[in-house]
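# Provide a 3D model corresponding to the input given below.
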Amino acid sequence: MPRKTTEAPANDDLAEMAGRACPICGKTAVVKYRPFCSKRCADVDLQRWFTGTYAVPVVEEDRSADGDDAE
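Here you go, the predicted structure:
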């Protein structure tokens, strides 16, 4: 059975990632959980997406300006 190979980040990338702060608690990020410092912070972030705390803004188009609507 062939082995799966995963490309590891270069040493410079590891050093750069280690110096970043966790976006949840501000502690130093850990490469295993990047960009977070722990599994807990990663789970907190995921929960915020699931509950709608985070949302990607959407701009709705005004259909009346297109002239496609029949009046």
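
# max-length helix in this structure?
helix 39-51 (DSSP state H).

# what mean pLDDT would you report for stretch 47-59?
Across stretch 47-59, the average pLDDT comes to 91.

# 35 is where my numbering starts, stick with that
OK, 35 is where the count begins now, so the last one is stretch 81-93.

# could I have it exported to CSV, CA atoms only?
In CSV, the C-alpha atoms belonging to stretch 81-93 read as follows (Å, rounded to 0.1, in the frame of the first residue of the first chain):
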residue,chain,number,x,y,z
GLN,A,81,-18.4,26.9,17.1
ARG,A,82,-18.6,30.6,16.4
TRP,A,83,-18.9,29.8,12.6
PHE,A,84,-21.7,27.2,13.3
THR,A,85,-23.7,29.6,15.5
GLY,A,86,-23.5,32.5,13.1
THR,A,87,-21.3,34.7,15.3
TYR,A,88,-19.0,34.9,12.3
ALA,A,89,-20.7,35.6,9.0
VAL,A,90,-19.5,36.5,5.5
PRO,A,91,-21.3,39.6,4.4
VAL,A,92,-23.5,39.3,1.3
VAL,A,93,-24.7,42.2,-0.9
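
# Tell me which residues are up against the longest helix of the chain.
Identification of contacts with helix 73-85 by Cβ atoms under 8 Å, 6 or more residues apart in numbering yields 56-59, 61, 67, 70, 88. All C-beta atoms are positioned from the backbone trio N, CA, C, and that covers glycine.

# Find the least confident helix or strand in this protein, judged by mean pLDDT.
Using mean pLDDT, DSSP states H and E, the weakest-scoring helix or strand in the chain turns out to be helix 45-52, at a mean of 53.

# re the thing from before, would you turn the contacts of helix 73-85 into a markdown table with neighbour count?
A markdown table is the format used below for the contacts of helix 73-85 (neighbours: other Cβ atoms under 10 Å):
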| residue | neighbour count |
| --- | --- |
| 56 | 20 |
| 57 | 13 |
| 58 | 17 |
| 59 | 12 |
| 61 | 12 |
| 67 | 15 |
| 70 | 22 |
| 88 | 11 |
